[in-house]
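J.: Here is a sequence together with a model predicted from it:
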Amino acid sequence: MELTRSDGTPLRVLVVDDEMNIAELVSMALRYEGWQVAVAHTGSKAVSTAREFRPDAVVLDMMLPDFDGLEVLRRMRSTNPDVPVVFLTARDAVEDRVAGLTAGGDDYVTKPFSLEELVARLRALMRRTGAQQATATPTLVVGDLSLDEDSREVFRAGEPIALTATEFELLRFLMRNPRRVLSKAQILDRVWNYDFGGQANVVELYISYLRKKIDAGREPMIHTMRGAGYVLKPADA
């Protein structure tokens, strides 16, 4: 079950890390949970973004190019005193972890870390701070395309579409990230659970399978962004 704010809207998480590839991977994993994500690569940007975005939780790297995570936490807490924070620390920096927790951090994860562990810790933290479990039917809707995550039924303009298990997972990932260009590497990692290594052809193959079922005879929703990846968006967009 997805976690939401008490009013049913998606949880908001601010990811702060100066390593852009790490920030992107964490953001992708959190968006897959159905959460809204904002990203900052410096301490000053993190503070200003937190003020505008009002996150429900923050993933905060201890080492940043302008000032450290402790100073970011201090400044954020001055305007949002209760926001939960999970620190990212170097594996051998025990003093960082102690300092982070002493300063009011709620948890920490050491680098290199597993995305699954980070998401699990955030989910636990969110539950402790009052996030709600979504009770609505977990149906994804993009334009006239709908996907029920429980029954695994898919409809386009009211017509049922039969998908294999892999096609379903691929479509679910695309629909959880509408209008967002997803690279072949990102799709491989999420749908097939292995790193990018010359297997891009399997993504192309399954995208073609999906197109034949989703877009055949209709206004296309799955688009190729040459050199970048694929994007799914409403047909009238």
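T.: Ah, there it is. Numbering: from 1, shown residues only.

J.: make it CA atoms for all contacts and neighbour counts henceforth
T.: OK.

J.: Tell me where the model's unsure across the chain.
T.: Counting by pLDDT under 70, the ranges of the chain that qualify are 1-2, 6-7, 91-105, 129-137, 193-200, 237.

J.: And the strands in the chain?
T.: Per DSSP state E, the chain carries strands over the ranges 3-4, 12-16, 36-40, 57-61, 85-90, 107-111, 132-133, 139-142, 145-148, 154-156, 159-160, 222-225, 229-232.

J.: now for the first one, which elements pack on it?
T.: This means strand 3-4. helix 115-128, strand 132-133 (3 or more CA pairs under 8 Å, 6 or more residues apart in numbering; DSSP states H and E).

J.: List the contacts of residue 79.
T.: By CA atoms under 8 Å, 6 or more residues apart in numbering, residue 79 lies in contact with residue 51.

J.: And for residue 71?
T.: Listed by CA under 8 Å, 6+ apart, the contact set of residue 71 reads residue 43.

J.: mind checking how far it is from residue 44?
T.: 10 Å (CA to CA, to the nearest Å).

J.: got it, and residue 16?
T.: From residue 16 over to residue 44 the distance is 10 Å, taken as CA to CA.

J.: Who has more neighbours out of the two?
T.: Between residue 16 and residue 44, residue 16 has the larger neighbour count (other CA atoms under 10 Å), namely 32 against 18.

J.: what sits opposite the more buried one in the beta ladder?
T.: Beta-bridge pairing of residue 16 under DSSP bridges involves residue 40, residue 60.

J.: wait, doesn't it sit right on residue 61?
T.: Yes: between residue 16 and residue 61 there is a contact under CA atoms under 8 Å: 5.9 Å.

J.: Could you give the number of residues near the residue nearest to residue 203 when sequence neighbours are not counted?
T.: In space, and not counting its chain neighbours, residue 203 is closest to residue 184: 6.4 Å by CA to CA, 6 or more residues apart in numbering. Other residues near residue 184 come to 20 when the count uses other CA under 10 Å.

J.: about what we covered before: can I get the helices and strands packed on strand 3-4 in CSV with mean neighbour count and distance to residue 213?
T.: Listed next are the helices and strands packed on strand 3-4 as CSV, based on neighbours: other CA atoms under 10 Å; distance: least, CA to CA, whole Å:
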stretch, mean neighbour count, distance to residue 213
helix 115-128, 15, 31
strand 132-133, 16, 33
